[in-house]
Structures are given as C-alpha cells and as structure tokens.
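> Pasting the sequence and the predicted model now:
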Amino acid sequence: MNSVVHFELPVSNMSRAREFYSRVFGWQLNKFDDRNTMVTTSQTDARGIPQKPGAINGSLYLPQRPSTPSVVVDVPDLRAHIAKVIENGGKLVDEPKTIPGLGMYARFEDPEGNLVGLWQIL
C-alpha cells in the first residue's frame, strides 16, 4: 500500500498565505523558489522527514492553472506508477523531475479530474 506523504495547497497570494498558515497553525514556512514554499507541520529529521508517525508536511504553490488542494503519494518506482496511471485512465500533467538529494516527483490527473502527485525517494 502506498501512503500519502505530502499535501499541496494552491494560493493566489504567497505572502498572505504564508502569514495566514504561520499565524493560525504555527507551521514553519520556507521559500523553495519563486512559486513554491515548503511547509513543515511536524518535527522532522535532517532530511525533512516527519518524526511523528502519520504526520505529513506540504507546500504552498502559485498554480499555473486553476487548481485545488491535492495530496502526494509515496511510490517505490515513479515511472512504473506513471504507467499504471495511464493504463487506468489517468493523464500525466507534469513530467518527472528530480528534487536534488530527496527524490523524484510528477503529477497526474485522475479520471475524476483530481490532481495527485507521485513521489519516489532517491
């Protein structure tokens, strides 16, 4: 079984969203690049992996198209799961990309139109 390991929240105003989630939940927010902020919701190890079982971290992002919150699922073989997604009626939205020192990431749209991420630890 593959677990949900990350969440993604689309935002239209990054500074407003950062301030809101920091003040409301006390989350730690770290700018990743111009369009993405990493969100820490729980104590982590040196690699950013939550130490509390079941806890997940996430990100805020400025979407390039209308979007809704989504989850990211941990998989052992990203490319094999992309093939499964396509075989079962899903569509690849973002080609796999490597996050240096962490893993590989891609997104797909399921047959219901939901955006879902795939994550493979390297």
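Cool, got the structure. Residues are numbered from 1 along each chain as shown.

> Kindly list the longest helix within the protein.
helix 14-25 (DSSP state H).

> That helix - contacts with which helices or strands?
strand 28-33, strand 36-40, strand 57-61 (3 or more C-beta pairs under 8 Å, 6 or more residues apart in numbering; DSSP states H and E). (Each C-beta comes from the backbone N, C-alpha and C, glycine too.)

> Now for R18, how many residues are close by?
Using other C-beta atoms under 10 Å, R18 has 18 neighbouring residues.

> ok, now R35?
Burial of R35 is recorded as 14 neighbouring residues (other C-beta under 10 Å).

> Also S22?
S22, neighbours per other C-beta under 10 Å, totals 13.

> Contacts only, for the closest residue to it other than its chain neighbours.
Excluding its sequence neighbours, the residue lying closest to S22 (C-beta to C-beta, 6 or more residues apart in numbering) is L29, at 5.6 Å. Residues counted as contacts of L29 (C-beta atoms under 8 Å, 6 or more residues apart in numbering) are 18, 21-22, 37-40, 60.

> could I have stretch 69-89 exported to PDB, CA atoms only?
C-alpha atoms of stretch 69-89 as PDB (Å, rounded to 0.1, in the frame of the first residue of the first chain):
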ATOM      1  CA  PRO A  69      -5.600  21.100  -2.800                       C
ATOM      2  CA  SER A  70      -4.000  17.800  -3.600                       C
ATOM      3  CA  VAL A  71      -2.000  15.000  -2.000                       C
ATOM      4  CA  VAL A  72       1.200  13.300  -2.900                       C
ATOM      5  CA  VAL A  73       1.600   9.500  -2.700                       C
ATOM      6  CA  ASP A  74       4.900   7.800  -2.000                       C
ATOM      7  CA  VAL A  75       5.700   5.100  -4.600                       C
ATOM      8  CA  PRO A  76       8.700   2.700  -4.900                       C
ATOM      9  CA  ASP A  77       9.000   3.200  -8.700                       C
ATOM     10  CA  LEU A  78       7.800   6.500 -10.100                       C
ATOM     11  CA  ARG A  79       7.900   5.500 -13.800                       C
ATOM     12  CA  ALA A  80       6.100   2.200 -13.200                       C
ATOM     13  CA  HIS A  81       3.300   4.100 -11.300                       C
ATOM     14  CA  ILE A  82       3.000   6.600 -14.200                       C
ATOM     15  CA  ALA A  83       2.500   3.700 -16.500                       C
ATOM     16  CA  LYS A  84      -0.200   2.400 -14.100                       C
ATOM     17  CA  VAL A  85      -1.900   5.800 -14.000                       C
ATOM     18  CA  ILE A  86      -2.100   6.000 -17.800                       C
ATOM     19  CA  GLU A  87      -3.200   2.300 -18.100                       C
ATOM     20  CA  ASN A  88      -6.100   3.100 -15.800                       C
ATOM     21  CA  GLY A  89      -7.400   6.300 -17.400                       C
END
